[in-house]
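# whatever this is, show me its structure:
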Amino acid sequence: MGAARWGSKVGVIAVLLAVAPGIRPVSAHERSESFSHWSFAHGELNGVVTVRSREATRLTLPGEGVGALTPILAAHLDKTIAASMDGAPCAATRHPHPLASDAGYIRIGIEFRCPQGERLHIGIGTFFDVAPAHHHFIYVESQSGASREAILTASSHVLELDLTAMNNEAAGFRQFVQMGIVHIATGIDHLAFLLALLITARNVRQALMIVTGFTLGHSLTLSLAVLGVVRADRGAVESLIGLTIALAAARNLIRGEREGRIAAWGAALVIASMLLVPSAYRPDMPGILIVSIALGAACAVWRGSMRSDGESVRARLMMATGFGLIHGLGFAGALQDLHLPRHMLVYSLVGFNIGVEIGQLAAVAAAALLARAMMQFRPAPPATGMPAVVVSAILLAAGTAWFLTRAVTLTPM
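Numbering: from 1, shown residues only. Below is the predicted model:
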């Protein structure tokens, strides 16, 4: 396949992906998910539900403030979560109550008292009425050490547990693989970053190099974060993921050193604008760190304007690997929110990472197949790079919007 033909195919599918409803620069709801960790012992069922503050804004009415997100979410959980044992309802021993949480997140504690029995049912209808595509990731452990994990959806939002036979590691591993697939499939920001890098790939070899670099980067930090070796501020990570998309897209739009200088100044100013946000309302990012990121991004964009074709390939590979480190910290949040016991970390990490790779490769393969079909439908596409320019401009706007909106942390009260 020639370089021009490959680029045209990628350009065609890129336009379709970029204008899809999922990539909306003004939306803060690019992924709808929540998490809960439950423990059952001596008839006591205790749960902790973790939700992003942005997710909780789905429960607010137009024009309603977000200052009371925690009580709004607690009231919603009170109505949408129930439990029963062998058909007999479990009684709530305490109303849902707030727990300490990271900035940008809300954690709610839930307590039930259940009668004796063998089959425990936990029904979670949280967010499904306002987000039908919502996914809830649940982990349950019993007093015997047996455990179960599952993904709940609008069509299947009740988890049934046989307390006498909960431990099934093979089934658990499959659940984590499925969790990884779901996470990348609904992670529009992660797919947008890959698209920003792949849209200028000239052949399959370059595309595979970029995907491999991204895999190496995010696998490293995903593992380190889940195993507790590194810890990063989640709000900062979410914001920086938006920045990686914007920078990757900006490099595609640069056509010379002069444009590179302008883009470098623009990137520095956009990032430095975070300094205007009061420290209490942004992620845990000191001013010196923001300035350092601004200067580093400016240098990367400017250097990118002086690259040759060979250097461009290496630069995209380095960008995929380096920025993949940031995306890996974002992936890690999904497993961290389940608060898994230490003995489950390795196999859950392997399963989740395999799922992420399956979802990632499936998305790339689907895009390539659809692009090929489009090219056969129109065998003589224009030789201009307009599709890549249009898509890169859309991704630049989306990444910048995600970066700035995520930089302002919603602080629930």
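
# number of residues surrounding the nearest residue to residue 207 once chain neighbours are set aside?
In space, not counting the residues next to it along the chain, residue 207 is nearest to residue 201; the distance is 4.3 Å by CB to CB, 6 or more residues apart in numbering. C-beta here means a position set from N, CA and C on the backbone, and glycine is covered the same way. Other residues within reach of residue 201, judged by other CB atoms under 10 Å, total 20.

# for residue 201, grab phi and psi.
Note on residue 201: backbone dihedrals following degrees, to the nearest 10 are phi -70, psi 140.

# that one and residue 213 touch, don't they?
No. Using CB atoms under 8 Å as the test, residue 201 is too far from residue 213 to be in contact (11.9 Å).

# which SSE is residue 177 in?
With secondary structure defined by DSSP states H and E, residue 177 is part of helix 169-185.

# alpha carbons of that helix, as PDB, please.
What follows is helix 169-185, C-alpha atoms only, in PDB (Å, rounded to 0.1, in the frame of the first residue of the first chain):
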ATOM      1  CA  GLU A 169     -10.500 -16.900  39.500                       C
ATOM      2  CA  ALA A 170     -11.000 -17.900  35.900                       C
ATOM      3  CA  ALA A 171     -14.300 -16.000  35.700                       C
ATOM      4  CA  GLY A 172     -12.800 -13.100  37.600                       C
ATOM      5  CA  PHE A 173      -9.900 -12.900  35.100                       C
ATOM      6  CA  ARG A 174     -12.400 -12.700  32.300                       C
ATOM      7  CA  GLN A 175     -14.300  -9.900  34.100                       C
ATOM      8  CA  PHE A 176     -11.100  -7.800  34.300                       C
ATOM      9  CA  VAL A 177     -10.400  -8.400  30.600                       C
ATOM     10  CA  GLN A 178     -14.000  -7.300  29.800                       C
ATOM     11  CA  MET A 179     -13.400  -4.300  32.100                       C
ATOM     12  CA  GLY A 180     -10.400  -3.300  30.200                       C
ATOM     13  CA  ILE A 181     -12.200  -3.600  26.900                       C
ATOM     14  CA  VAL A 182     -15.100  -1.500  28.200                       C
ATOM     15  CA  HIS A 183     -12.800   1.100  29.600                       C
ATOM     16  CA  ILE A 184     -10.900   1.700  26.300                       C
ATOM     17  CA  ALA A 185     -14.100   1.500  24.200                       C
END
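
# show me what it is packed against.
Judged by 3 or more CB pairs under 8 Å, 6 or more residues apart in numbering; DSSP states H and E, helix 169-185 is in contact with strand 147-152, helix 309-336, helix 345-377.

# who are the packing partners of the second one?
Okay, so that is helix 309-336. Helix 309-336 packs on helix 169-185, helix 188-198, helix 204-226, helix 234-253, helix 287-304, helix 345-377, going by 3+ CB pairs under 8 Å, 6+ apart.

# nearest to residue 98, out of those?
Set against residue 98 and scored by CB to CB, those come closest in helix 234-253, at 17.4 Å.

# how far off helix 309-336 does that closest one point, in degrees?
Taking axes from the mean of the first three to the mean of the last three CA atoms, to 10 degrees, helix 234-253 and helix 309-336 form an angle of 160 degrees between their directions.

# in the helix or strand following helix 234-253, what counts as buried?
Sequence order places helix 257-272 as the next helix or strand after helix 234-253, per DSSP H and E. Going by neighbour count (16 or more other CB atoms under 10 Å), the buried part of helix 257-272 is 260, 263-264, 266-268, 270-272.

# and for stretch 347-355?
By neighbour count on 16+ other CB under 10 Å, the buried set for stretch 347-355 is 348-349, 351-353, 355.

# need the contact partners of that stretch.
Stretch 347-355 is contacted from outside by 149, 169, 172-184, 219, 222-223, 226-227, 331, 334-335, 340, using CB atoms under 8 Å, 6 or more residues apart in numbering.

# now do stretch 184-194
For stretch 184-194, the external contacting residues (CB under 8 Å, 6+ apart) are 17, 22-23, 30-33, 133, 135, 210-211, 214, 241-242, 244-245, 248, 323, 327, 330-331, 355-356, 359-360, 363-364, 395, 398-399, 402.

# related to what we said a few turns ago, just the buried subset of the contacts of stretch 347-355, written out for PyMOL, thanks.
A single PyMOL command suffices to select whichever of these are buried according to 16+ other CB under 10 Å:
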select buried, resi 149+172+173+175+176+177+178+179+180+181+182+183+184+219+222+223+226+331+334+335+340
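
# state the distance from the residue sitting nearest the centre point of the chain to residue 402.
Centroid check for the chain by CA atoms, centre = their mean gives residue 187 as the closest residue, at 4.5 Å. Relative to residue 402, residue 187 is positioned 12 Å away (CB to CB, to the nearest Å).

# now do the contacts for residue 225.
Listed by CB under 8 Å, 6+ apart, the contact partners of residue 225 are 231-232, 328-329, 332, 336.

# now these: which count as buried?
232, 328-329, 332, 336.

# pick the one among those closest to residue 123.
Nearest to residue 123 among the buried ones among the contacts of residue 225: residue 336, at 24.6 Å, using CB to CB.

# verify the stated contact: the closest one with residue 226.
Yes. Using CB under 8 Å, residue 336 makes contact with residue 226 at a distance of 6.6 Å.

# which parts of whichever strand or helix holds residue 108 are buried?
Applying DSSP H and E as the criterion places residue 108 in strand 105-113. Buried residues in strand 105-113, counting neighbours by 16+ other CB under 10 Å, are found at 105-112.

# tilt between it and helix 309-336?
Angle of strand 105-113 versus helix 309-336, following the same axes, to 10 degrees, is 30 degrees.

# by contact count, what packs against strand 105-113?
For strand 105-113, the elements it packs on are strand 44-52, helix 53-56, helix 69-80, strand 91-99, judged by 3+ CB pairs under 8 Å, 6+ apart.

# okay, buried residues for the second one please.
Same thing as helix 53-56. Using 16+ other CB under 10 Å as the test for burial, helix 53-56 gives 53-56.

# now the last one
For strand 91-99, burial by neighbour count (16+ other CB under 10 Å) applies to 92, 96.

# what helices or strands is that strand leaning on?
Counting contacts by 3+ CB pairs under 8 Å, 6+ apart, strand 91-99 is packed against strand 44-52, helix 69-80, strand 105-113.

# adjacent strands (with direction) for that strand?
strand 105-113 (antiparallel) (DSSP bridges).

# can you name the two of the contacts of residue 225 that are farthest apart?
Longest span within the contacts of residue 225, CB to CB: 231 and 328, 13.2 Å.

# okay but residue 268 is in contact with residue 296, surely?
No. Residue 268 lies out of contact with residue 296 (CB under 8 Å); the separation is 9.4 Å.
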